[in-house]
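A.B. asks: Give me a 3D structure for the following:
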Amino acid sequence: MVATILRLRLTTTIHQLRGEGWRVLVLIGGAIWALTLLPSVAWTAHGLAARQADVRMDAYTAIIAVLVVGWAVVPVLVSGLDDSLEPGRFSSFGASAGRLMPGLTVSAFVTIPALFFLVALTMFATSWWSDGVGTFAVAFVGGLLSLATMVFSARVTVLWASRLLQSRRSREASFLAMFVAAFLLAPLASVVLADGLDTLLAYDLRPVLGSIRTTPIGSPIGAAGAAAAGDWSAAAAGLGLAAAWVLLLWLVWRVNVAHVLVHPVYRGGGARPRDDRILAAARRAERRSASRFAFERPTVAGVAVTARAIRYWFSDPRYLAAIVSVAVFPILFFFLVYPAFGSPVGVVVAVPIMLAGTIGWGRHNDLAFDSSALWLDVVSGKLGRDVMRGRVVASLMWSVPVVFVGVGAAAAIARRPDLLPAMTGASLGVLGTSLGISALTSILLPYRAPAPGENPFSAEVGSAGAGLLAQAVSSITAWVVAVPVVLPLVAALVWSPEWGWLGLVTGTATGFGVLVLSIRRAGVLYDRKSGRLVAAVS
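C.D. replies: Purely as a prediction, here's the structure:
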């Protein structure tokens, strides 16, 4: 089975490279990037070889800790580029997890990132050569165990994240844990950074690194240090702890693979709505015909699309994953990054603007997420403007309050209430312009996304290249268009807060104007390209 999976992966990769030129560019770019980093890794290993063993251990412990966290988090955010490691794709083969795991395990190590870190960790192990061949052997084995920890952690976190967002109770528990962690991080960061970043690095970091070496993540480094000191029993214990942790991660991965094989499409938490929200919203729209959006009377079709999209935001794991990713940024920045750099006002006022831009930019694949209902909208007539307006309204209903909260939090943390008008205008302007650009790019550059009920962190085969192109175009265009909106905030920050009132008017007006014009143009393109849209995202 190992040879079969490897051969299947190689064949799939070859076909993808032949049919999608972007994959060749990514492969070549990744290989070149890895090769250019190897001299720096070798120079670091050579420099650490001349240091004392305790300094070497501290440096390697910090490096390994950061790498393990990166391997655990990054695949959740950018997964889908490697389609061969998605276990749900093997559910139709009838093979058990026991037969698939050897092949999946080997395939997980035959990737450019895994091979690069294998070479890098081997170079790091050579810095222990001066302490003896035995110490080098311990360091080399420890490096292999650290690599296995990184690779298996990536597999486990991706599968866990996808399962956590499936059932209603697990979603609620995840959001509760996230907000509790945010409230706990605030006082913790204040206490840790109270004496400044230099004091933290000089006096507080070394005990933390020593504590990490008592865990399975840092025990391979502690084993090498123990071997250099001649304590071979401690070295063996450190390697044994790391090996046990690797085995545990592999077993957890195996359990999740077995679950995915018999649950290829997750069905959520079993919620049973007692009424039809979409029809109820349509009936209310008929009674509230005086309401207006984008200078037009809301139609029944538009309100139905809005009601449908609102339900997505509160029940669909794909949309909930987007909300989680949006919420993580300000939490980490306000509580960790911002205090570490001395709390500059110019940085904190940019957080709500970046938050608004991230929310708007993320909607470039909004139409692809609704692929299962797209055909119904298309066959219902020329409803392009109603569909696009309805989806934007659903996003605005939660994003505008979030942006206002971010603006208020930034003003309170920076202790600059005089910048509230400037930040509000800039944030609303960026939100409106980025949502408008995303509405256009979702029509001009459509690509397939995970279908309803599927793993929200996966990607459809052949869609990653189009996704990267759409993301690049939408992000660059949105930020270029948003530059004039932010200028009054810069003027208020550099010269006088009075500029903020001008920014409040110009930012809000610009955001609203770009959004309205983009929705109208996107609606025309939607009707014109409806057939091709269905083919592109289905």
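
A.B. asks: Spatially nearest residue to residue 431 (excluding sequence neighbours)?
C.D. replies: residue 356 (3.9 Å; CB to CB, 6 or more residues apart in numbering). From N, CA and C alone the C-beta is placed, and that goes for glycine too.

A.B. asks: burial count for that neighbour?
C.D. replies: Neighbours of residue 356 under the rule other CB atoms under 10 Å: 31.

A.B. asks: residues contacting it?
C.D. replies: 399, 403, 406, 427-428, 430-431, 434 (CB atoms under 8 Å, 6 or more residues apart in numbering).

A.B. asks: Return the item of the residues you listed having minimum pLDDT.
C.D. replies: pLDDT is lowest at residue 406 among the contacts of residue 356; the value there is 84.

A.B. asks: That residue: which element?
C.D. replies: In this structure, residue 406 sits in helix 384-414 according to DSSP states H and E.

A.B. asks: what's the answer for residue 238, then?
C.D. replies: helix 232-262.

A.B. asks: One more: residue 61?
C.D. replies: Using DSSP H and E, residue 61 sits in helix 53-78.

A.B. asks: Packing partners of that helix?
C.D. replies: helix 21-49, helix 112-126, helix 133-164, helix 205-212, helix 219-228 (3 or more CB pairs under 8 Å, 6 or more residues apart in numbering; DSSP states H and E).

A.B. asks: Show me which positions of stretch 28-40 end up buried.
C.D. replies: Residues residue 34 are the ones in stretch 28-40 that count as buried (16 or more other CB atoms under 10 Å).

A.B. asks: centre of the chain versus it, how much separation?
C.D. replies: Counting by CA atoms, centre = their mean, to the nearest Å, stretch 28-40 is centred 24 Å from the centre of its parent chain.

A.B. asks: which residues are contacting it?
C.D. replies: Here stretch 28-40 makes contact (CB under 8 Å, 6+ apart) with 112-113, 115-116, 119-120, 123.

A.B. asks: Report the rounded mean pLDDT for that stretch.
C.D. replies: Rounded mean pLDDT across stretch 28-40 is 78.

A.B. asks: same check, this time on stretch 376-391
C.D. replies: Mean pLDDT, stretch 376-391: 78.

A.B. asks: how far does that stretch sit from the chain's center?
C.D. replies: The chain centre lies 30 Å from the centre of stretch 376-391; the measure is CA atoms, centre = their mean.

A.B. asks: still on that earlier bit, between the contacts of residue 356, which is nearest residue 248?
C.D. replies: residue 406 (39.1 Å; CB to CB).

A.B. asks: you'd agree the closest one is up against residue 357?
C.D. replies: No - with contact defined as CB atoms under 8 Å, residue 406 does not reach residue 357; the gap is 11.4 Å.

A.B. asks: Kindly present the helices and strands packed on helix 53-78 as TSV, with separate columns for distance to residue 348.
C.D. replies: Shown next, in TSV, are those (distance: least, CB to CB, whole Å):
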stretch	distance to residue 348
helix 21-49	32
helix 112-126	34
helix 133-164	29
helix 205-212	25
helix 219-228	36
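
A.B. asks: thinking residue 430 is in contact with residue 483, fair?
C.D. replies: No - under the criterion of CB under 8 Å, residue 430 is not in contact with residue 483, lying 9.7 Å apart.

A.B. asks: neighbour-wise, which of the two wins?
C.D. replies: Higher neighbour count among residue 430 and residue 483: residue 430, with 31 against 11, using other CB under 10 Å.

A.B. asks: Against residue 489, how distant is the more buried one?
C.D. replies: The gap separating residue 430 from residue 489 is 10 Å, by CB to CB, to the nearest Å.

A.B. asks: which residues are in contact with both of those two?
C.D. replies: Shared contacts of residue 430 and residue 489 (CB under 8 Å, 6+ apart): residue 353.

A.B. asks: What average pLDDT does stretch 326-343 get?
C.D. replies: Mean predicted lDDT for stretch 326-343 stands at 62.

A.B. asks: With stretch 219-227 instead?
C.D. replies: pLDDT averaged over stretch 219-227 gives 90.

A.B. asks: Give me the buried stretch members for that stretch, please.
C.D. replies: Applying 16+ other CB under 10 Å to stretch 219-227 flags 219-227 as buried.
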